[in-house]
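**Student:** Fold the stuff below for me.
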Amino acid sequence: MTTPLPAAPRRGITLTQQIFIGLAIGIVAGWIVSTTHPEWAPYFRPFSQLFLRMIKMIIAPLIFATLVAGIAGAGHFKVVGRMGLRAIIYFEIVTTIALGIGLAAVNIMKPGVGVNLPMGQASEITAKPQTWDQILLHVFPESVIRAMAEGDVLQIVVFSIFFAIALGMIGEKGRPVVVWCEAVAETMFKVTNIVMHYAPIGVGAAIAYTVGHGGLRVLWNLAWLVATLYLALAVLILLVFLPIAIMFRIPIRKFAMAVKEPAVIAFSTTSSEAALPRAMEVLERLGVPRRIVSFVLPLGYSFNLDGSTLYLSLAAVFVAQAAGVQLTIGHQITMLLTLMLTSKGVAGVPRASLVILAGTLASYGLPLEGITLILGVDELMDMARTMTNVIGNCLATVVIAKWEGEFVEASDQELAVAAARGEI
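**Tutor:** Numbers count the residues shown, from 1 in each chain. As a prediction, the model looks like this:
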């Protein structure tokens with residue numbers, strides 16, 4: 001009697017392919033609406049907002065449960081300080097390079113030269129530049145309930161670390177809480193899988209609303225500014241991310257396979273937060289321990305916004321060029337140092353970079369009317385910079401795992417099975 005062979009994984013359209021199909025259908029639907037009945041565009045928005053709401057309901061319990069279970073469960077709280085220090089060092093080096101690339105790109109390509117700044121138009125965005133003490137105080141939550149309700153990733157991480165350390169210090173008395181957190185973490189990953197089945201609809205609706213509201217011209221207005229940003233982001237990925245991956249001997253093909261789906265979600269929804277649960281799951285399948293994923297990835301959402309920081313330096317100088325204001329090298333370097341602080345914590349909120357940009361323009365006496373100039377194509381730029389944020393944070397998580405000597409590379413067979421099941 002022969003033993004039957006195991007059933008081959010079910011073949012079909014993967015979730016990533018479904019998302020791309022939804023993206024294409026959304027663009028076509030948005031174009032049809034924009035040319036026939038533009039007033040119908042708002043009907044797409046609730047379906048994209050529904051996807052973002054379902055994702056946001058996962059964020060707080062997922063981060064809290066995975067961090068507490070990872071740190072307290074295995075007694076790893078002793079190495080949190082070392083791992084955090086390494087992560088912060090890495091974040092600051094890469095984001096500074098990103099700011100420099102943005103400044104170089106805008107000074108070389110000069111997309112603002114010759115653009116007529118629409119002076120006299122009031123901007124809908126008002127902001128004040130953040131001071132160092134405001135940034136410091138914001139790290140620590142006044143209420144963890146409010147932090148979870150508002151989805152403040154950094155504050156949730158800080159509370160979870162304190163809670164996990166205290167839980168580890170009480171020993172066996174805290175074991176039931178650790179077991180409960182482990183169960184919650186597994187449950188939230190399952191909830192993520194359920195929610196992701198809606199992703200193609202949510203992504204399609206998001207892009208349909210954008211195109212339906214602004215038409216295909218949203219892809220062409222201020223094309224040189226958009227081209228400059230995309231070129232600068234490509235330079236960041238090819239000349240910074242890729243050498244880092246090679247330096248730390250990260251399996252590039254497997255990494256690309258793992259992060260493509262979170263990257264597409266971030267690109268389509270313009271929200272890093274929407275990609276966070278899936279990114280945590282695929283990185284764990286790639287071979288990064290859960291405790292490192294649950295610590296470094298959320299931390300990076302506040303301190304490692306490579307795409308957003310590059311965009312901020314580029315956009316600020318663009319406004320100066322459009323307004324005919326000459327910024328010296330000294331001014332630009334000072335602006336770079338300022339943006340290193342003020343750019344922290346803008347992930348998770350679509351177009352939050354505009355608020356930071358408004359604060360930067362105000363602090364340097366540049367016209368806030370420049371923001372009205374950018375708003376027409378900000379959606380398109382937000383897609384690229386948000387996707388870069390997610391890719392950069394995924395890379396940072398694997399780098400820290402390698403640095404800690406705890407990365408266990410998944411085999412090709414394991415990744416293929418996970419892909420067939422729609423898990424990556």
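**Student:** measure stretch 213-226 end to end?
**Tutor:** Start and end residues of stretch 213-226 are separated by 19 Å (CA to CA, to the nearest Å).
**Student:** list the buried ones in the helix or strand hosting Ile21?
**Tutor:** Using DSSP states H and E, Ile21 sits in helix 15-36. By neighbour count on 16 or more other CB atoms under 10 Å, the buried set for helix 15-36 is 15-16, 18-20, 22-23, 25-27, 29-30, 33-34. From N, CA and C alone the C-beta is placed, and that goes for glycine too.
**Student:** Flag every buried residue along the helix or strand following it.
**Tutor:** Proceeding N to C from helix 15-36, the next assigned helix or strand is helix 45-73, under DSSP H and E. By 16+ other CB under 10 Å, the buried positions in helix 45-73 come out as 45, 47-48, 51-52, 54-56, 58-73.
**Student:** Closest to Ala104 out of the buried residues of helix 15-36?
**Tutor:** Closest approach to Ala104 among the buried residues of helix 15-36 (CB to CB): Leu23, at 31.2 Å.
**Student:** Ile207 is in contact with that closest one, correct?
**Tutor:** Yes. Leu23 lies in contact with Ile207 (CB atoms under 8 Å); the separation is 5.7 Å.
**Student:** Name all residues that sit in contact with the two at the same time.
**Tutor:** Ser268 (CB atoms under 8 Å, 6 or more residues apart in numbering).
**Student:** Helix or strand with the lowest mean pLDDT in this structure?
**Tutor:** helix 412-420 (a mean of 65; mean pLDDT, DSSP states H and E).
**Student:** From the chain's centroid, how far away is the helix holding Ile21?
**Tutor:** 22 Å (CA atoms, centre = their mean, to the nearest Å).
**Student:** ditto for stretch 298-308
**Tutor:** 7 Å.
**Student:** Now do the end-to-end distance for that stretch.
**Tutor:** Stretch 298-308: ends 16 Å apart by CA to CA.
**Student:** Quick check: mean pLDDT of that stretch?
**Tutor:** The average pLDDT within stretch 298-308 is 85.
**Student:** Please apply the same query to stretch 169-177.
**Tutor:** 88.
**Student:** Torsion angles phi and psi at His197?
**Tutor:** phi -70, psi -20 (degrees, to the nearest 10).
**Student:** what sits against it?
**Tutor:** Neighbouring residues of His197 by CB under 8 Å, 6+ apart: Leu15.
**Student:** For whichever helix in the chain runs longest, list every residue counted as buried.
**Tutor:** Scanning the chain for the longest helix, with DSSP state H as the assignment, gives helix 369-403. Within helix 369-403, the residues scored as buried using 16+ other CB under 10 Å are 369-375, 377-403.
**Student:** circling back to that earlier point, which strands or helices does the helix holding Ile21 pack on?
**Tutor:** helix 199-214, helix 252-269 (3 or more CB pairs under 8 Å, 6 or more residues apart in numbering; DSSP states H and E).
**Student:** so which of the ones you listed comes closest to Pro289?
**Tutor:** helix 252-269 (14.9 Å).
**Student:** Now do that closest one: which elements does it pack against?
**Tutor:** Going by 3+ CB pairs under 8 Å, 6+ apart, helix 252-269 lies up against helix 15-36, helix 45-73, helix 199-214, helix 242-247, helix 272-286, helix 369-403, helix 412-420.
**Student:** rewinding a little: run the chain-centre distance for the longest helix of the chain.
**Tutor:** 6 Å.
**Student:** same question, stretch 144-158
**Tutor:** On the basis of CA atoms, centre = their mean, stretch 144-158 sits 17 Å off its chain's mean C-alpha point.
**Student:** Now do the contacts for the residue nearest to Ala320 when sequence neighbours are not counted.
**Tutor:** Excluding the flanking residues, the one nearest Ala320 by CB to CB, 6 or more residues apart in numbering is Leu327, at 5.0 Å. Going by CB under 8 Å, 6+ apart, Leu327 touches Val317, Ala320, Met335, Tyr364.
**Student:** host element of Val113?
**Tutor:** Assigned by DSSP H and E, Val113 falls outside every helix and strand.
**Student:** Does it touch Ala320 like I think?
**Tutor:** No. Using CB under 8 Å, Val113 and Ala320 do not qualify as a contacting pair, with a distance of 10.4 Å.
**Student:** Just the pLDDT for the residue positioned nearest the centre of the chain.
**Tutor:** Among the residues of the chain, the one closest to the centroid is Ser272, at 3.0 Å (CA atoms, centre = their mean). Ser272 is assigned a predicted lDDT (pLDDT) of 83.
**Student:** just checking, it touches Asn389?
**Tutor:** Yes. With contact defined as CB under 8 Å, Ser272 counts as touching Asn389 (5.0 Å).
**Student:** if we can go back for a sec, mind putting the helices and strands packed on helix 252-269 into CSV with distance to Phe162?
**Tutor:** Below are the helices and strands packed on helix 252-269 laid out as CSV (distance: least, CB to CB, whole Å):
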stretch, distance to Phe162
helix 15-36, 36
helix 45-73, 10
helix 199-214, 33
helix 242-247, 31
helix 272-286, 21
helix 369-403, 21
helix 412-420, 34
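**Student:** So for Glu92, which of the ones you listed sits nearest?
**Tutor:** helix 369-403 (11.3 Å).
**Student:** now the angle from that closest one to helix 252-269?
**Tutor:** 150 degrees (axes from the mean of the first three to the mean of the last three CA atoms, to 10 degrees).
**Student:** Helix 369-403 - what's its average pLDDT?
**Tutor:** 85.
**Student:** What's the local residue count around Met340?
**Tutor:** 15 (other CB atoms under 10 Å).
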